[in-house]
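Visitor: Okay, structure incoming, though there's no sequence with it:
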């Protein structure tokens, strides 16, 4: 699904990613751990195309699986996936992710869960998400969702995350607590139903109960044979709820070690210093 | 009542292109609005000259009697030189509400100038001014509030915000308060900036193309001026006109 090859990137001319390679297949959950300043958030921004994050070398190929049952697959139809075709879409080469504008990457199925979700005064969550979803659907050649259908979808996703529908009518993230913002990211992810979610420290700022709810949300929305997750985190604790298939250590702009879930425990015990070297 | 043509020495015309007034004999007369005691008077108006060579100066003199309200909402957009000039006198317990939006592109000049005279105790006012300037447009927003010595318990708020969409555009914002009473609340805020880049990226990451994302943020910005419109239908009208003006299809 995602093939990152020898990726180099700079921010304000400062090299941050220095030859990062990573391969993620459909159905897999990967966790990236690493010390502060290693380039974890930069990786999320580079993948999603944030202006100012300049790629200076390497490639990223994104090959989302075709939608099960053709176009129009919201989260409901997605569950009916029985035997997903395990080949990338026509041509089999996937797309050069770095060539696409941020909104095109989103429409192709990439979702970035922000470490610090942004406040947008004056724009309600409902309006924001409906416009976003319909822009994505338009880009994919799908019919727009009607107001009623959208509200049904939004209500279901908000309920699943234990978020009051009234909050969805309020301006995007304005006046939300840290935990509510992260919950809202998950509601958005549920509504937009991406193929690949890059979740940047979605666990930070959450209390224990909220951590469980968010973890369950990730599993519910993304734990599917045709989807994949890249979890960026500092701590092992989110991984208690979202079991990763692979754990990587990111240090000084590249992956220095990869392993199974046991690596996260080892990191928690030993710290990064020993393992990153 | 006409007044002689102003010059740049007049404080309230400091930023105005006074040369465009040369063709006028005098300033147009102010429209008088008298709001009788206890009544509420709404004003909704779009000012658009429609042509780059035209001048449109709208002057209002508003007297709000005791415990009366005037709620005035304006949109200024389109070619030429437009000026909204409002002079308000508030009696005891009166309220003045203003929401004014100026949207300028090309070489348009837009001015929103208010002068509020709190002359009696207990009057309140709330003014929201929003300017969006593109290309080489100029928008000037001047809000002056005079609070007389006897006007205790005045509660006046003035919020002025400008959005510069191009480096070549200009926004002048000047809140002015002259307060002679000692038991009053006068809040004023003034900010000029650009669209929030992080919010733009956030919206794009969720799937909105750049142009749509910018529009959404601009709409939210100007809608703040019409938030106080109590009549939902008029609020929708004014917001709709402003959105059309932002798109350039007013």
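Guide: Received the coordinates, thanks. Computed from a prediction, not measured in an experiment: that's the story for all the values here.
Visitor: Just list whatever residues bridge to residue B:192.
Guide: Bridge pairing for residue B:192 (DSSP bridges) gives the partners residue B:162.
Visitor: Let me know the pLDDT of it.
Guide: Per-residue confidence (pLDDT) for residue B:192: 95.
Visitor: and what of residue B:124?
Guide: 98.
Visitor: you'd agree it is up against residue B:95?
Guide: Yes. In this structure, residue B:124 is within contact of residue B:95 by C-beta atoms under 8 Å, at 4.9 Å. (C-beta placed from N, C-alpha, C; glycine too.)
Visitor: List the contacts of residue B:180.
Guide: Applying C-beta atoms under 8 Å, 6 or more residues apart in numbering or on different chains, we find residue B:180 in contact with B:147-149, B:151.
Visitor: ok, it to residue B:124 distance?
Guide: Here residue B:180 is placed at a distance of 17 Å from residue B:124 (C-beta to C-beta, to the nearest Å).
Visitor: can you give me the strands in chain B?
Guide: Taking DSSP state E, the strands of chain B run over residues B:31-35, B:40-47, B:55-64, B:69-77, B:81-90, B:95-104, B:109-118, B:124-133, B:138-147, B:155-164, B:170-179, B:185-193.
Visitor: Make JSON lines from those strands and add mean neighbour count to it.
Guide: Formatted as JSON lines, these follow (neighbours: other C-beta atoms under 10 Å in any protein chain shown):
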{"stretch": "strand B:31-35", "mean neighbour count": "15"}
{"stretch": "strand B:40-47", "mean neighbour count": "16"}
{"stretch": "strand B:55-64", "mean neighbour count": "19"}
{"stretch": "strand B:69-77", "mean neighbour count": "24"}
{"stretch": "strand B:81-90", "mean neighbour count": "23"}
{"stretch": "strand B:95-104", "mean neighbour count": "26"}
{"stretch": "strand B:109-118", "mean neighbour count": "24"}
{"stretch": "strand B:124-133", "mean neighbour count": "24"}
{"stretch": "strand B:138-147", "mean neighbour count": "24"}
{"stretch": "strand B:155-164", "mean neighbour count": "21"}
{"stretch": "strand B:170-179", "mean neighbour count": "17"}
{"stretch": "strand B:185-193", "mean neighbour count": "13"}
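Visitor: Can you say which of those is nearest to residue A:118?
Guide: Nearest to residue A:118 among these is strand B:185-193; the distance by C-beta to C-beta comes to 15.3 Å.
Visitor: where does chain B come near chain A, residue by residue?
Guide: Proximity of chain B to chain A, by C-beta under 8 Å from any C-beta of the partner chain, involves residues B:196-199, B:201-210, B:212-213, B:216-217, B:219-221, B:223-224.
Visitor: Next, the distance between the ends of stretch B:77-94.
Guide: Stretch B:77-94 stretches 30 Å from its first residue to its last (C-alpha to C-alpha, to the nearest Å).
Visitor: residues touching the residue of chain A found nearest chain B, list them.
Guide: Using C-beta to the nearest C-beta, the closest approach of chain A to chain B is made by residue A:122 at 2.8 Å. Residues near residue A:122 by C-beta under 8 Å, 6+ apart: A:171, B:219-221, B:223-224.
Visitor: Please list all residues in contact with residue A:108.
Guide: Residues near residue A:108 by C-beta under 8 Å, 6+ apart: A:62, A:64, A:95, A:97, A:100, A:195.
Visitor: that older thread, and which of the contacts of residue A:122 is nearest to residue B:238?
Guide: Minimum separation from residue B:238 among these (C-beta to C-beta) is found for residue B:223, which lies at 9.1 Å.
Visitor: Distance check, residue B:182 against residue B:228.
Guide: Relative to residue B:228, and taking C-beta to C-beta, residue B:182 is found at 28 Å.
Visitor: The two: who's more crowded?
Guide: Neighbours were counted for residue B:182 and for residue B:228 using other C-beta atoms under 10 Å in any protein chain shown; residue B:228 has more, 14 against 8.
Visitor: Spatially nearest residue to that one (excluding sequence neighbours)?
Guide: Take residue B:228 and drop its neighbours on the chain: the residue closest to it by C-beta to C-beta, 6 or more residues apart in numbering or on different chains is residue B:97, 5.5 Å away.
Visitor: same thing with residue B:204?
Guide: Distances taken as C-beta to C-beta, 6+ apart put residue A:102 closest to residue B:204, at 4.0 Å, once the chain neighbours are dropped.
Visitor: Residue A:215 now?
Guide: Nearest one to residue A:215, counting by C-beta to C-beta, 6+ apart, is residue A:241 at 2.6 Å.
Visitor: With residue A:172 instead?
Guide: In space, residue A:172 is closest to residue A:120, 4.0 Å off (C-beta to C-beta, 6+ apart).
Visitor: ok, the residue nearest the centre of chain B - contacts?
Guide: Nearest to the mean C-alpha position of chain B, counting by C-alpha atoms, centre = their mean, stands residue B:100 at 3.4 Å. Contact analysis of residue B:100 by C-beta under 8 Å, 6+ apart lists B:72-76, B:84, B:112, B:114, B:127-130, B:141, B:225.
Visitor: what residue ranges in chain A score low on pLDDT?
Guide: A:66-93, A:274-277 (pLDDT under 70).
Visitor: need the residues of it near chain B, please.
Guide: With the criterion set to C-beta under 8 Å from any C-beta, chain A comes near chain B through A:48-51, A:101-103, A:105-107, A:111-112, A:114, A:117-123, A:128-129, A:131-133, A:135-136, A:139, A:171, A:188, A:192.
Visitor: Any of those residues buried? List them.
Guide: Among the residues of chain A next to chain B, those classed as buried by 16 or more other C-beta atoms under 10 Å in any protein chain shown are A:48-50, A:102-103, A:105-107, A:111-112, A:114, A:117-123, A:128-129, A:131-133, A:135-136, A:171, A:188, A:192.
Visitor: and residue A:110, how many neighbours does it have?
Guide: Counted by other C-beta under 10 Å, the residues lying close to residue A:110 total 24.
Visitor: what's the closest non-adjacent residue to it?
Guide: In space, residue A:110 is closest to residue A:196, 5.3 Å off (C-beta to C-beta, 6+ apart).
Visitor: Near that neighbour, how many other residues are there?
Guide: Here the number of neighbours of residue A:196 (other C-beta under 10 Å) works out to 24.
Visitor: got the contact list for it?
Guide: Neighbouring residues of residue A:196 by C-beta under 8 Å, 6+ apart: A:1-2, A:24, A:62, A:64, A:109-111, A:227-230.
Visitor: Just the buried ones among those residues, please.
Guide: Buried among the contacts of residue A:196 (16+ other C-beta under 10 Å): A:1-2, A:24, A:62, A:64, A:109-111, A:227-230.
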